[in-house]
Each structure stands twice: as C-alpha cells, then as structure tokens.
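Colleague: Based on what follows, work out the 3D shape:
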Amino acid sequence: MRFSWCIAVLLLIIFSCQKDTPIIQEENVNIFENSPGITDMELEAVTLINEFRAAGAVCGSEIYSPAPEVYWNNVLDQASEMHADDMFSNGFISHTGSNGSKHTERLQAVNYEYMYAGENVAKGPTTVAVVIEEFKNSPSHCAVMMNPDYVHVGVAKIGKYWVLNFAHPRRF
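Modeller: All right, here's what the predicted structure looks like:
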C-alpha cells in the first residue's frame, strides 16, 4: 500500500512540473522571444543591448563575460512606461517614483512576478543609441545591462526621460 502511494505521488510530481512554463500569463508568448507589439524604438534598444551583452564588458572594475540575450516583454514595458510618464509629468529623475514607489513595486503593480530585477533611468538623450552608450559608460548602469540573470527588458521614452526595466520571471 505504501509503495502505491509513493508511485502515485511520484507520478503526480512528474506530470505536474513543466519546464519553461512562465508564471506570466500571456497568451501564446514564449518568454524567450519578444512579445507581440514591439515598436521600432524598442526593437532597436533590445538589439543594441543584446549586441553589448554578447560581447562581454568591463563595468567599472567588474569584468562581465558575454551574457544571454534579453527579450522585450510587454508587461515589463508597462512598468517602464508608468515610471517614465511619472518622471516626465512631475519633472524629476530618480529610481523612486513621485509616490515613493521602488522599481520592484512598479513591477508588482503590473503583475510581473520577478525573481531578479534592475532598472536604468536617464534624462536627456534623444536617441536609443545615445542612451545605450551612456548606460554602457556608467558602471552601475552597465552592470544592470550585463547581468546574466535577466531574461526580459521593458523600454520606455517619454519626452527626455528613459526607463529600462530588466527582470527574470519568478518561475517559468
């Protein structure tokens, strides 16, 4: 009888665990590809970030080996847009929102359940190429872009304000 229970529990575990099943419930979206609806600006940002990650980098005194690609995620992008709009509307630049929110709280607000998360913000650059270059030249921003734990990126530009959110879903 005990053997039968062990077999039943083992079968339940085996058949209930599916590798690469995202916790983010987006219809027909593989977490290892860009979400539908990516704009030309967002695609350019993802391309430049992935070229940078593929080459490896030195961020300040830290040496980073080449990192896997990141993919644009429309849920993560909502958090980026929310913060860029807040900074634009209220005329400030910070990782803390005008309501005191941190980047991780903004991810939770759009229902992105993350395991790892980082954010880059900037004010001023007029093109994707310039903002990515500025992030490359800042040790802390560079480190966020090179973090091999990140799978997704969300990119927003409103006025002169840029927000790039990087994250890895809690489970997938």
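Colleague: List the contacts of residue 61.
Modeller: residue 139 (Cβ atoms under 8 Å, 6 or more residues apart in numbering). For the C-beta atoms, the positions are set from N, CA and C on the backbone; glycine is no exception.
Colleague: And the helices in the protein?
Modeller: Using DSSP state H, the helices of the chain run over 2-16, 40-55, 74-90, 103-109, 128-136, 139-146.
Colleague: got a markdown table for these, with mean pLDDT too?
Modeller: Below are the helices of the chain laid out as a markdown table (pLDDT from 0 to 100):
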| stretch | mean pLDDT |
| --- | --- |
| helix 2-16 | 36 |
| helix 40-55 | 97 |
| helix 74-90 | 97 |
| helix 103-109 | 95 |
| helix 128-136 | 98 |
| helix 139-146 | 98 |
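Colleague: and these as TSV, adding mean neighbour count?
Modeller: Below are those laid out as TSV (neighbours: other Cβ atoms under 10 Å):
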stretch	mean neighbour count
helix 2-16	9
helix 40-55	17
helix 74-90	21
helix 103-109	18
helix 128-136	18
helix 139-146	19
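Colleague: Minimum distance to residue 65: which of these has it?
Modeller: Residue 65 sits nearest to helix 139-146 of all the helices of the chain, at 8.7 Å, using Cβ to Cβ.
Colleague: May I have that closest one as PDB, with CA atoms only?
Modeller: Extracted C-alpha coordinates of helix 139-146, given in PDB (Å, rounded to 0.1, in the frame of the first residue of the first chain):
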ATOM      1  CA  PRO A 139      29.500  51.300 -14.200                       C
ATOM      2  CA  SER A 140      26.200  50.800 -12.300                       C
ATOM      3  CA  HIS A 141      24.000  51.000 -15.500                       C
ATOM      4  CA  CYS A 142      26.500  48.800 -17.400                       C
ATOM      5  CA  ALA A 143      26.200  46.200 -14.700                       C
ATOM      6  CA  VAL A 144      22.400  46.100 -14.900                       C
ATOM      7  CA  MET A 145      22.600  45.700 -18.700                       C
ATOM      8  CA  MET A 146      25.200  42.900 -18.300                       C
END
